[in-house]
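1. Got a sequence here, can you build the structure:
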Amino acid sequence: MCALPTHDGATCGHCLQQAPHFDRTVAVFAYAFPLNKLVQALKHNEKLMLANSLADKLTQRIAVRPDYLVAMPLHPARLRARGFNQSFELARHIGRQMDIPVLLNACQRSRDTPPQTALSRKERDKNVRQAFICTQDFSGKHVAIVDDVMTSGASLNEVAQTLRKAGAREISAWVIARTLPHSAS
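-> Numbers count the residues shown, from 1 in each chain. Predicted structure coming up:
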C-alpha cells in the first residue's frame, strides 16, 4: 500500500498495523542519488523543465486510471514564497498526457505546517493532522494524489483521509520517489 519493498511483495508491517487511508501507491524511483538531486532541483531551484520528464516516468507506471488528480496542496504562504507547487506541475503534465482532470483548488492546506524534513514519523503525523480541507464532493470517485516524494506517507495519508471524508471511494498515491529505509536502499 505504501510502496515500501518487502521480501515477498506482501503488505508491510506498518500498513498491516495501521492501514493508510489510500488504497495503493505508485512510486517510480527510490529517493536516492541521483534522483534525489533532480527532485531537489525541481523543488528548490525552480528547474521546472524536470517536472515533465519526471511526470512522464510516473505516467508509464499507471495501470488504474482515476477520475481526478489532486496535487499535494501547499499552504498559500509557502506557495507565495516558492512561486509554484511542484506537485501541481507534475499533476498538470500527467493530466494532459492521460486526459484526466486536475483539480487545482478542490483540496487545500488550511494550516501552514513546518516542513516535515527533520521530524520523526510520529511528529510528521501530528504536524499534518487536520491540515487539509476538501471543498468538492468526491462521492463514488477514484482520486489520485500526486506528490514528488513519499517519506513516511503522513501528508499523503492526511490528504487521503480528507478525500475519504469528501466521499472518495478509492484513493491512489502517485509519487516520483519513495524514501526507503537505510537497509533497503
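
2. Just to be sure, residue 51 is in a helix?
-> Yes - assessed with DSSP: H, G, I helix; E, B strand; the rest coil, residue 51 lies in a helix.

3. For it, give its distance to residue 94.
-> Counting by CB to CB, to the nearest Å, the gap from residue 51 to residue 94 is 10 Å. Every residue, glycine included, has its C-beta placed from N, CA and C.

4. Same question for residue 178.
-> From residue 178 to residue 94 the distance is 17 Å (CB to CB).

5. Residue 144 too?
-> Taking CB to CB, one finds residue 144 at 8 Å from residue 94.

6. what's the answer for residue 22, then?
-> 17 Å.

7. same check, this time on residue 4
-> 23 Å.

8. higher neighbour count, these two?
-> When residue 4 is set against residue 94 and neighbours are counted by other CB atoms under 10 Å, the residue ahead is residue 94, at 24 against 19.

9. Quick check: closest non-adjacent residue to the more buried one.
-> Spatial nearest neighbour of residue 94, chain neighbours left out: residue 55 (4.9 Å); criterion: CB to CB, 6 or more residues apart in numbering.

10. which other residues reach stretch 123-140?
-> Stretch 123-140 is contacted from outside by 68, 73, 103, 105-111, 113-114, 116, 119, 151-152, 154-155, 157-159, 162-163, 165-169, using CB atoms under 8 Å, 6 or more residues apart in numbering.

11. Tell me which entries of those residues lie within helices.
-> 154, 155, 157, 158, 159, 162, 163, 165 (DSSP state H).
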